[in-house]
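Chemist: Need a 3D model of the sequence below.
(one chain, ligands or ions: 2)
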Amino acid sequence: MLELLTCSEMAAADGRTIAGGTPGIVLMERAGQAVAERVLARASGRLRVAVLCGPGNNGGDGYVVARLLAKSGHDVAVHALVPPDRLRGDAAEAARGWAGAVLPLEGWTADGFDVVVDAIFGAGLARDIAAPVDSVIAAVNESRAHVVAVDVPSGIDGDTGAVRGCAVEADETVTFARRKPGHLLLPGRMHCGRVHVADIGITDATVADLGVRTAANAPGLWSDMLPRPDAAGHKYKRGHLVVASGGPSRTGAARLAARAGLRAGAGLVTVASPPDAVAINAAQLTAVMVRPVDGAEGLADILGDARFNALVLGPALGVGEETRRMVEVAAAAQRHLVLDADALTSFAGNLAGLWQMVTSAVPSGVVLTPHEGEFSRLFGEAEGVAQARSKLERARAAAAASGAVVVLKGPDTVIAAPDGRAAINENAPPWLATAGTGDVLAGIIGGLMAQEMPAFAAACAGVWMHGAAAAAFGPGLIAEDLPEMLPRVWRELLELLFSTGN
Ligand SMILES: NC(=O)C1=CN([C@@H]2O[C@H](COP(=O)(O)OP(=O)(O)OC[C@H]3O[C@@H](n4cnc5c(N)ncnc54)[C@H](OP(=O)(O)O)[C@@H]3O)[C@@H](O)[C@H]2O)[C@H](O)CC1
Ligand SMILES: [K+]
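Modeler: Ligands and ions are numbered 1, 2, ... in the order given. Here you go, the predicted structure:
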């Protein structure tokens, strides 16, 4: 159920189900029933319900809802953008099932309604909302009614989560078969309220046949690839992560990443520290080891030891030629590699240079973890990025252009692999956006890769664990708190693994 279907993939699933013998009107009936059930679930006493119907199938769903709620004894008013005789196909048939009046949508006001069912536009939204629908949406949003959106809040683009001019702010959204990217990407997610996914008879096999490449990020996506604690295991079997530290006044970021890597389960973690910062690092490190490593030369030296199998480069490392050379050394050494912060900014405008290094390292896995600013500095001109319609498509294009797994961070972090797979994360609480949390994320991903977790799975798992750790700690979180919450997140994950037996 983690797959996310675009509007066209949903239409294809619809079409295949209809071709398989289920009439479209049956799908519409089931969709309408699912929405009506949500309204009835919260009904206490007779409700005044306004069903706002658009000119297409979303409106068709609305007519089914209206009929079912009226049959359950509620006071239902239907307001439609076009008269029923302008409807076509299943929507026209659904409208024929509605025995009540159909009033104009234009000029509708919310006075006195307990519930509004938003059945204006769904997957078929084709352009920005204009008059007269815009003022109706404003009236919905100003009302005190409980708003239930059919499939997608009207005005939200189901593929991108963008607001097309204006959009309904729903308390609940009932969608069908699977969620869409627009239900998870911002701002769309903020318009949906609680999202319910209704089964309307589109089978898992039909969805699987679509070859969908986008999913919601959750343990079900990668838990079978999580490193497992095994009794016979010893620390050398769980890899050795190296985190490069910045100079004497900028050592905290590397220590945050290093501690996160250890808590993520790496057998050993070493901070590769400039000689003049060794004392500072050593004074603050215990289980994490520290070694004097002088720039790219020094890094090349220690990477002669194959036991250093994963690296995190970037946190407060410094922007410039030396950092670029360290990335080059690490990539050439074919180790698992997480590039964050300065290691990304050092390649700003020189994607080809980064791409060249990354392709040499890709077999062992490279994960880039830019926030939006680093992303645009690095990928602004990349093939396909400028034309991308959404954060999901931008991350996908960047992964394809760089050959690396790209983690485009934010409240709706997208993880994209060069082969087209992508996941959208939705468990990050607002308080995660604080200084240093990016360093911790890089360390978690590095720690998982040190244990030989494949790059895309490690990036998805790391992003999810990072969000779960923040949620576990709660508001007031600072970056140092995050690694300390990982044991609790691990416990949750392992309980989940053993309960689901995979
Ligand atoms: N399995 C399922 O997912 C099922 C989904 N159903 C429902 O079908 C809708 C999709 O319907 P809808 O969103 O209404 O799209 P349609 O293509 O049917 O019709 C859209 C009409 O609206 C016009 N339009 C589009 N954008 C605008 C706009 N900004 N302003 C004004 N009018 C607009 C469009 O006109 P065109 O000129 O673009 O053609 C169409 O007339 C889905 O969301 C589900 O709710 C099935 O009913 C059940 C199964
Ligand atoms: K809608």
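
Chemist: from the stretch 401-502 of the chain, which residue is nearest to ligand 1?
Modeler: Nearest to ligand 1, among the residues of the stretch 401-502 of the chain, is I424, at 19.2 Å (C-beta to the nearest ligand atom). The way it works is simple: take the backbone N, C-alpha and C, and place the C-beta from them, glycine included.

Chemist: partner residues bridging that residue?
Modeler: Applying DSSP bridges to I424 yields these beta-bridge partners: A216, V414.

Chemist: That one contacts A395, doesn't it?
Modeler: No: the criterion here is C-beta atoms under 8 Å, and I424 misses it with A395 at 9.3 Å.

Chemist: Which pLDDT does the model give G501?
Modeler: In this model, G501 is scored at 65, pLDDT.

Chemist: Looking at the stretch 151-300 of the chain, what residue ends up closest to ligand 1?
Modeler: Of all residues in the stretch 151-300 of the chain, D151 sits closest to ligand 1, with a separation of 3.5 Å (C-beta to the nearest ligand atom).

Chemist: okay, now the residue nearest to A450 when sequence neighbours are not counted: neighbour count?
Modeler: Excluding its sequence neighbours, the residue lying closest to A450 (C-beta to C-beta, 6 or more residues apart in numbering) is G239, at 3.1 Å. Counted with other C-beta atoms under 10 Å, residues neighbouring G239 total 27.

Chemist: next one: G233
Modeler: G233 has 14 neighbouring residues, counting by other C-beta under 10 Å.

Chemist: Tell me which residues touch V329, please.
Modeler: V329 is in contact with 296, 299-300, 303, counting by C-beta atoms under 8 Å, 6 or more residues apart in numbering.

Chemist: Provide the backbone phi and psi angles at G462.
Modeler: Phi and psi for G462, reported as degrees, to the nearest 10, are phi -60, psi -40.

Chemist: pLDDT value on the most centrally placed residue in the chain, please?
Modeler: When C-alpha atoms, centre = their mean is applied to the chain, the residue found nearest the centroid is I424 (1.8 Å). For I424, the model assigns a pLDDT of 98.

Chemist: what's the answer for G247, then?
Modeler: For G247, the model assigns a pLDDT of 95.

Chemist: What of the one 3 residues further on?
Modeler: Model confidence at R250, expressed as pLDDT, equals 95.

Chemist: Quick check: residues of the protein near ligand 1?
Modeler: Applying C-beta under 6 Å from any ligand atom, we find that the chain lies next to ligand 1 at 10, 14, 27-28, 31, 54-61, 121-130, 150-151, 176-177, 200, 202.

Chemist: filter these to the buried ones?
Modeler: 10, 14, 27-28, 31, 54-61, 121-125, 129, 150-151, 176-177, 200, 202 (16 or more other C-beta atoms under 10 Å).

Chemist: Now do stretch 87-100: distance from first to last residue.
Modeler: Start to finish, the residues bounding stretch 87-100 are 16 Å apart (C-alpha to C-alpha, to the nearest Å).

Chemist: quick one, what contacts the residue of the stretch 151-300 of the chain closest to ligand 1?
Modeler: By C-beta under 8 Å, 6+ apart, the contact list for D151 reads 31, 58, 61, 122-123, 158, 173-176.

Chemist: Using JSON lines, lay out the residues you listed together with secondary structure.
Modeler: Output for these, formatted as JSON lines (DSSP: H, G, I helix; E, B strand; the rest coil):
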{"residue": "A31", "secondary structure": "helix"}
{"residue": "N58", "secondary structure": "helix"}
{"residue": "D61", "secondary structure": "helix"}
{"residue": "G122", "secondary structure": "coil"}
{"residue": "A123", "secondary structure": "coil"}
{"residue": "G158", "secondary structure": "coil"}
{"residue": "T173", "secondary structure": "strand"}
{"residue": "V174", "secondary structure": "strand"}
{"residue": "T175", "secondary structure": "strand"}
{"residue": "F176", "secondary structure": "strand"}
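
Chemist: how about stretch 461-477: buried residues?
Modeler: Of the residues in stretch 461-477, 461-473, 477 count as buried by neighbour count, 16+ other C-beta under 10 Å.

Chemist: for stretch 370-378, same thing?
Modeler: Residues of stretch 370-378 classed as buried by neighbour count (16+ other C-beta under 10 Å): 370-371, 374-375, 378.

Chemist: So which residues on the stretch 51-200 of the chain come close to ligand 2?
Modeler: Proximity of the stretch 51-200 of the chain to ligand 2 (C-beta under 5 Å from the ion) is limited to residues 118, 122, 149-150, 154.

Chemist: Distance of G24 relative to S245?
Modeler: Look at G24 and S245: by C-beta to C-beta, to the nearest Å, they are 61 Å apart.

Chemist: Compare these two and say which one has the larger neighbour count.
Modeler: Neighbours per residue (other C-beta under 10 Å) separate G24 from S245, with S245 holding more: 27 against 18.

Chemist: wait, the more buried one sits on T270?
Modeler: No: using C-beta under 8 Å, S245 is not in contact with T270, being 10.1 Å away.

Chemist: which residues touch the residue in the stretch 351-500 of the chain positioned nearest to ligand 2?
Modeler: Using C-beta to the ion, the closest approach of the stretch 351-500 of the chain to ligand 2 is made by S390 at 19.0 Å. Counting by C-beta under 8 Å, 6+ apart, S390 makes contact with 159-162, 181, 185.

Chemist: Which pair of those residues spans the longest distance?
Modeler: Within those, two members stand farthest from each other by C-beta to C-beta: A162 and P181, at 10.5 Å.
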